[in-house]
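1. got a predicted structure plus its sequence, pasted below:
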Amino acid sequence: MRTALVIGTGLIGTSAALALAGRGVTVHLRDHDTTRARTAAALGAGTDEAPEGPVDLALIAVPPTHVAGTLAEAMRAGAAHGYLDVASVKGGPQRELAALGLDLSSYIGTHPMAGKERSGPLAATADLFEGRPWVLTPTSDTDTEVLNLALELVALCRAVPVVMDADAHDRAVALVSHTPQLLSSMVAARLEGADDTAVRLCGQGIRDVTRIAASEPAMWVEILSANAGPVADVLAGVAADLEATVESLRALQSADEAKRDGGTAGVADVLRRGNAGRSRIPGKHGAAPAAYEVVAVLVSDQPGELARIFADAGRAGVNVEDVRIEHATGQQAGLVQVMVDPAAAPVLAAALRERGWSIRQ
Ligand SMILES: NC(=O)c1ccc[n+]([C@@H]2O[C@H](COP(=O)([O-])OP(=O)(O)OC[C@H]3O[C@@H](n4cnc5c(N)ncnc54)[C@H](O)[C@@H]3O)[C@@H](O)[C@H]2O)c1
Ligand SMILES: O=C(O)C(=O)C[C@]1(C(=O)O)C=C[C@@H](O)C=C1
């Protein structure tokens with residue numbers, strides 16, 4: 001692929017454009033908000049000037065309800081040889097496009113399983129899709145050449161292609177993305193009217209569970225509206241678990257020992273099933289989930305501390321697999337959780353101690 005046109009230069013469009021431009025593709029950027037296309041260009045994602053002729057691939061990265069219209073307009077203008085969209089739902093847009101009577105041989109629906117709770121070009125990064133699944137939903141109408149262009153895009157973004165049927169995709173993301181978004185929002189919503197004294201106690205657990213509750217509501221209303229049935233099905237299962245757990249907790253307060261035992265069993269069961277489900281979440285690049293060991297380092301809140309830890313880990317020959325930062329409320333300090341291979345954990349802890357870091361076990 002030599003040329004691409006990205007329509008919708010928000011988080012996803014600009015991230016893909018940055019990856020493509022970084023690998024030598026000439027990328028043209030278009031957004032109905034021209035300042036966004038200009039911002040993406042200023043970030044190095046390409047040029048906001050229109051291409052002179054059809055590009056190899058047009059990537060439509062606009063909100064789901066605008067996909068069909070934007071695609072139809074680009075197709076009618078002959079903007080590209082191949083077209084793809086990245087919307088988080090696939091069945092609806094595919095049916096909407098078919099209803100428009102367009103020749104869909106040059107189109108493929110796709111969905112990168114990577115994103116953020118922030119939107120817009122300033123949140124974009126070239127490495128957003130690295131190692132993440134990128135779903136492709138070709139149909140019997142899709143040209144092989146267009147499928148190949150899409151596979152090339154996925155490879156240039158260093159993502160992992162997964163071919164699926166559009167409706168199967170929608171059922172899968174109802175489970176692994178759309179319902180989690182709602183549950184995160186519901187947990188965070190409990191805080192809206194909560195007492196300040198309680199909110200001050202927020203620790204890492206609630207921060208982890210509610211990160212995506214900061215997502216853009218307008219975009220999510222669109223996504224959930226387009227996948228309402230499958231999400232309602234998953235949520236009904238969660239509602240049954242909630243109801244059973246409320247009953248178990250009430251039973252734990254009973255004077256009757258047998259009821260209390262039943263309550264304990266109910267609570268233990270949901271927690272055990274949670275462990276089992278969590279252990280199925282794949283690790284990097286779709287590999288089996290990795291069991292890393294955490295080396296927790298106390299840091300003062302000043303510039304350069306993280307860089308010093310990483311440099312010291314590098315000097316000790318230890319590869320940092322992941323990192324999490326826990327900020328202490330009201331204190332100028334934080335806890336950096338450095339995740340490493342279990343065999344490397346004692347080596348790293350010793351090396352960091354030797355260099356004066358305070359390690360928490
Ligand atoms: N945010 C995520 O985590 C995520 C992940 C994967 C896929 N997606 C999908 O990617 C798409 C874009 O999401 P995003 O997070 O980048 O949103 P965003 O709000 O960051 O960007 C969307 C951009 O599209 C532009 N736009 C809207 N209508 C347009 C139109 N008719 N013509 C041209 N530009 C238009 C907006 O001005 C905005 O710059 C959505 O379909 C979303 O479902 C999002
Ligand atoms: O990490 C996040 O912020 C996301 O929630 C990204 C996420 C997801 O659920 O995995 C959200 C919606 C998109 O359609 C794809 C990715």
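-> Nice, thanks for sending it over. Numbers count the residues shown, from 1 in each chain. Ligands and ions are numbered 1, 2, ... in the order given.
2. only C-alpha atoms from now on, for both contacts and neighbour counts.
-> Will do.
3. what sits against residue 297?
-> Going by CA atoms under 8 Å, 6 or more residues apart in numbering, residue 297 touches 335, 336, 337, 338, 357, 358, 359, 360.
4. now intersect the residues you listed with the helices, please.
-> Secondary structure from DSSP state H places none of those in helices.
5. ranking these by neighbours, who comes first?
-> The most neighbours of any of those, using other CA atoms under 10 Å, belong to residue 338, which has 24 neighbours.
6. need the contact list for it.
-> Contacts of residue 338 (CA under 8 Å, 6+ apart): 294, 295, 296, 297, 320, 321, 322, 323, 324.
7. can I get whichever helix or strand the second one is part of as CSV, trimmed to CA atoms?
-> Put plainly, it is residue 295. Using DSSP states H and E, residue 295 falls within strand 293-300. What follows is strand 293-300 as a C-alpha-only set of coordinates in CSV (Å, rounded to 0.1, in the frame of the first residue of the first chain):
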residue,chain,number,x,y,z
GLU,A,293,5.5,-10.9,39.4
VAL,A,294,5.1,-7.4,40.8
VAL,A,295,8.1,-5.5,42.2
ALA,A,296,6.5,-2.5,44.0
VAL,A,297,8.8,0.5,44.2
LEU,A,298,8.0,3.6,46.4
VAL,A,299,8.7,6.8,44.4
SER,A,300,8.5,10.5,45.3
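8. what residues of it count as buried?
-> For strand 293-300, a neighbour-count test (16 or more other CA atoms under 10 Å) marks 293, 294, 295, 296, 297, 298, 299 as buried.
9. what of stretch 333-348?
-> Applying 16+ other CA under 10 Å to stretch 333-348 flags 334, 335, 336, 337, 338, 339, 340, 341, 344, 345, 348 as buried.
10. likewise for stretch 200-213?
-> So for stretch 200-213, counting by 16+ other CA under 10 Å, buried means 209, 210, 212, 213.
11. what's the closest of those residues to ligand 1?
-> If you rank the buried residues of stretch 200-213 by distance to ligand 1 using CA to the nearest ligand atom, residue 212 comes first, at 9.0 Å.
12. what helix or strand is the closest residue to ligand 2 within the chain on?
-> Proximity of the chain to ligand 2 (CA to the nearest ligand atom) peaks at residue 116, 3.2 Å away. Residue 116 is located outside every helix and strand, with elements delineated by DSSP H and E.
13. against residue 220, how distant is it?
-> 12 Å (CA to CA, to the nearest Å).
14. between these two, which has more neighbouring residues?
-> Using other CA under 10 Å as the criterion, residue 116 and residue 220 rank with residue 220 on top: 17 against 14.
15. ok, the helix or strand where that one lies near ligand 2 or not?
-> Take DSSP H and E as the rule and residue 220 turns out to sit in helix 217-226. No - on the criterion CA under 6 Å from any ligand atom, helix 217-226 is out of touch with ligand 2, staying 8.1 Å away.
16. just after that helix, pick out the following helix or strand.
-> For helix 217-226, the succeeding helix or strand toward the C-terminus, using DSSP H and E, is helix 228-252.
17. mind giving me the packing neighbours of the helix or strand following that following helix?
-> Counting by DSSP H and E, the next helix or strand C-terminal to helix 228-252 is helix 257-278. Applying 3 or more CA pairs under 8 Å, 6 or more residues apart in numbering; DSSP states H and E, one finds that helix 257-278 makes contact with helix 228-252.
18. off-centre distance for the helix it packs on?
-> 25 Å (CA atoms, centre = their mean, to the nearest Å).
19. do the same with stretch 128-135
-> Taking CA atoms, centre = their mean, the mean C-alpha location of stretch 128-135 is offset from the chain mean by 9 Å.
20. enumerate the residues of the stretch 1-150 of the chain near ligand 1.
-> Within the stretch 1-150 of the chain, the positions near ligand 1 by CA under 6 Å from any ligand atom are 7-13, 31-33, 36, 61-64, 66, 70, 86-88, 111-116, 119-120.
21. tell me how this structure divides into domains.
-> Listed by automatic domain parsing, the domain ranges of the chain are 3-164, 171-278, 293-360.
22. pLDDT of whatever helix or strand residue 312 lives in, averaged?
-> Using DSSP H and E, residue 312 maps to helix 305-315. The average pLDDT within helix 305-315 is 89.
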